[in-house]
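Enquirer: after the sequence you'll find the predicted model.
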Protein chains: 2
Amino acid sequence: MNAEAVAMERPEFDAEPIAEVVLEADMGAELSQLPASRHYRRARQDRGAETRKSLLLAALDVFGRYGFEGAATRDIAKRAGANLAAIVYHFGSKDALHRAVAEYVVEQMQARIGDSITAAADALKGNIDRPTARRLLQRIVDVHIDSMLGEAEAELWGRFIMREQMEPSSTFDVIYDFMMQCQSTTTNLVALLLDLDPRSEEATLRSFAISGQFVIFCVGRPMVLKKLGRDTLATKDREEIRRVVAEHIDLLVGEALVGEG
Amino acid sequence: MNAEAVAMERPEFDAEPIAEVVLEADMGAELSQLPASRHYRRARQDRGAETRKSLLLAALDVFGRYGFEGAATRDIAKRAGANLAAIVYHFGSKDALHRAVAEYVVEQMQARIGDSITAAADALKGNIDRPTARRLLQRIVDVHIDSMLGEAEAELWGRFIMREQMEPSSTFDVIYDFMMQCQSTTTNLVALLLDLDPRSEEATLRSFAISGQFVIFCVGRPMVLKKLGRDTLATKDREEIRRVVAEHIDLLVGEALVGEG
DNA sequence: GAAGAAGTCAATCGATCGATTTAATTTATG
DNA sequence: CATAAATTAAATCGATCGATTGACTTCTTC
């Protein structure tokens, strides 16, 4: 079951290069934004990156839909347009692939909403006034909405996270920690705006309720789309959602949003 | 794959009694509230009802966690404390069991929140004032919160529904229709309270955002529990959530809740 | 209390699918 | 051309799948 363990027991199995490949976290990151030019024949010096990225995305989808045990490596390889053996070659095992997916998800989310969180967390260390807190909160909310509803891949992240929440594996901690960090920062901002103790249950509940206003559009997306009569959320829809949620928060925290935008 | 088809092809297989058993929707409904008395030796006249109920609940759990294909009938039978063959005996096939679970979920949800929906829908046919609309809306919200967070089984309904939403099977329509009906009624109430066209995107989005405030406590329950430092939501927590959400809605629709506690 | 219906059970069917491994082949690069 | 990286088809071997069977137990009914 554990491919690394197997590799250790078998010295003739050259595990080192694979391990290195797996450990470099930025695999194919630069490749994903490659120009579509057909004549761009470079990047062949690392053909593997393409396959790794395909496998990673396919695994993200399949793991998210069927869970770790329910996911079939055959299915993942087929969707990725890669050979079955490529999974072991590039990642080491099904386990390791799953771990890589979890890390990838956090990485992507961190890249999109990390700044807004650290900005708020840093500001909260000092003394900030209510308009500033309101603006920092809105920043977090907007970034969440844009990343959760804006890009197609985000649907996969959401599914993967929801599934991990149902049957938490050992790799879930890293996702969990990140989300708790987001929630804590949001709670602190809400507490400040509502003159509540940040550690009170009241602050926590109000913070979750506020977050729920946009999370619903992620977890209930099929229902929302059906109701709106669309098959995808347009940019305009997303802006409407941002506007509505912003107005709601204005009403809820009794501090209208002012400045920058 | 299809057991009914097989049954049709094999006249010697006595399918009728099974079909009847499957079709009666109230299977074991009265049995679930049996007194725990050890000497209550009745109900042996229909031992099957107990097994059916066990299988149904186990299937609800397993289908919800692993999806239809990922679910193993062996797993379901084991969790139900029943024999593998009992599934085919009582339901006809894995497919039919899945269908029965979907119907059961709608049935249970209907029993808990159906009244609040039809009450609101009926009232909306005539002319109602804002305080009444506000009260009807709160009724729907409270009933949702109580049923989604109050009973242990509701966690299973939620998981099953979320999973069906991910990979909709043919049996999903019945669930979907019910949920859309809830959402439509809520939207109409919200539109009335905010002076919006009930069919406008604005009304839909605001309605979803409002619903999200309590749905988050269902889909994000593990996160909420972790943050609160509990391992289960107490009655007091549920009351707090009801209070917070009610206050929020007061602020959002500009119509404070009055009357009947 | 015997007949028979209802329900349960262990054992088993054939088939599919599971992850992993092997060996052979293709591809790019110095 | 030589080398290493990457890909591929094929095979391994076990596990598991849903469904079925027929014997067995429990309950009802006449």
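Expert: Looks like it arrived, so ask away. Numbers count the residues shown, from 1 in each chain, chains lettered A, B, ... in the order given.

Enquirer: in what helix or strand does the nearest residue to A:S200 once chain neighbours are set aside lie?
Expert: Distances taken as Cβ to Cβ, 6 or more residues apart in numbering or on different chains place A:A191 nearest to A:S200, at 7.3 Å, with adjacent residues excluded. Bear in mind the C-beta positions are built from the backbone N, C-alpha and C, glycine included. Secondary structure assignment for A:A191, by DSSP states H and E: helix A:172-193.

Enquirer: hmm, back to that, if I look at the residue nearest to A:S200, how far off is A:A133?
Expert: Counting by Cβ to Cβ, to the nearest Å, the gap from A:A191 to A:A133 is 9 Å.

Enquirer: for the residue nearest the centre of chain A, which three-state class applies?
Expert: Residue closest to the average C-alpha location in chain A (Cα atoms, centre = their mean): A:M109, at 3.7 Å. For A:M109, the assignment made with DSSP: H, G, I helix; E, B strand; the rest coil gives helix.

Enquirer: contacts only, for A:F63.
Expert: By Cβ atoms under 8 Å, 6 or more residues apart in numbering or on different chains, the contact set of A:F63 is A:A71, A:H98, A:V101, A:F160, A:R163.

Enquirer: buried set for the helix or strand hosting it?
Expert: Per DSSP H and E: A:F63 is located in helix A:47-70. The neighbour-count check on helix A:47-70 (16 or more other Cβ atoms under 10 Å in any protein chain shown) flags A:49-68, A:70 as buried.

Enquirer: do the same with stretch A:78-85
Expert: Across stretch A:78-85, burial judged by 16+ other Cβ under 10 Å covers A:A80, A:A82.

Enquirer: and stretch A:243-257, by the same measure?
Expert: Burial within stretch A:243-257, assessed by neighbour count using 16+ other Cβ under 10 Å, is assigned to A:V244, A:V245, A:A246, A:H248, A:I249, A:D250, A:L252, A:V253, A:E255, A:L257.

Enquirer: would TSV of those residues with secondary structure be doable?
Expert: Shown next, in TSV, are the buried residues of stretch A:243-257 (three-state DSSP):
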residue	secondary structure
A:V244	helix
A:V245	helix
A:A246	helix
A:H248	helix
A:I249	helix
A:D250	helix
A:L252	helix
A:V253	helix
A:E255	coil
A:L257	coil
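
Enquirer: just flag the most distant two among those residues.
Expert: Spanning the widest gap among the buried residues of stretch A:243-257 are A:V244 and A:E255, at 17.2 Å by Cβ to Cβ.

Enquirer: name the element A:R79 belongs to?
Expert: helix A:73-80.

Enquirer: coming back round to it: after the helix holding A:A191, which helix or strand is next? Please name it.
Expert: Once the chain leaves helix A:172-193, the next helix or strand it forms, by DSSP H and E, is helix A:201-219.

Enquirer: what angle sits between that next one and helix B:201-219?
Expert: 120 degrees (axes from the mean of the first three to the mean of the last three Cα atoms, to 10 degrees).

Enquirer: any idea which helix or strand comes after helix A:201-219?
Expert: Downstream of helix A:201-219, the first helix or strand assigned by DSSP H and E is helix A:221-228.

Enquirer: how far does that next one sit from the chain's center?
Expert: Offset of helix A:221-228 from its chain centre (Cα atoms, centre = their mean, to the nearest Å): 22 Å.

Enquirer: which strands and helices sit next to that helix?
Expert: On a contact count with 3 or more Cβ pairs under 8 Å, 6 or more residues apart in numbering or on different chains; DSSP states H and E, helix A:221-228 meets helix B:172-194, helix B:201-219.

Enquirer: how about residues contacting it?
Expert: Helix A:221-228 has contacts (Cβ under 8 Å, 6+ apart) with A:149, A:155, A:216-217, A:231-233, A:237, B:165, B:168, B:176, B:179-180, B:183-184, B:187, B:201, B:204, B:208.

Enquirer: same deal with stretch A:100-117?
Expert: Applying Cβ under 8 Å, 6+ apart, the contact partners of stretch A:100-117 are A:22, A:25, A:56, A:59-60, A:63, A:91, A:136, A:139-140, A:143-144, A:146-147, A:153, A:157, A:160-161, A:164, A:171-172, A:174-175, A:178, A:181-182, A:185.

Enquirer: would you mark the buried spots in it?
Expert: Buried residues in stretch A:100-117, counted by 16+ other Cβ under 10 Å: A:100-102, A:104-109, A:112-114, A:116-117.

Enquirer: max pairwise distance over those residues: which two?
Expert: Largest separation among those by Cβ to Cβ: A:A100 and A:S116, giving 25.7 Å.

Enquirer: any idea how far the residue of chain A found nearest DNA strand C is from DNA strand D?
Expert: Residue of chain A nearest DNA strand C, by Cβ to the nearest atom of the strand: A:A72 (2.5 Å). A:A72 sits 11 Å away from DNA strand D, going by Cβ to the nearest atom of the strand, to the nearest Å.

Enquirer: ok, now which ones touch the closest residue to that residue other than its chain neighbours?
Expert: Sequence neighbours aside, A:V62 is the residue nearest to A:A72 in space, at 7.4 Å (criterion: Cβ to Cβ, 6+ apart). Contacts for A:V62 were tallied using Cβ under 8 Å, 6+ apart; they are A:A71, A:A72, A:D75, A:I76, A:R79.

Enquirer: any quick PyMOL command for the buried ones out of those?
Expert: Applying 16+ other Cβ under 10 Å to the contacts of A:V62, the buried members can be selected in PyMOL as follows:
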select buried, chain A and resi 71+75+76
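
Enquirer: including pLDDT, could the contacts of A:V62 go into CSV?
Expert: Formatted as CSV, these follow (pLDDT from 0 to 100):
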residue, pLDDT
A:A71, 91
A:A72, 91
A:D75, 92
A:I76, 93
A:R79, 92
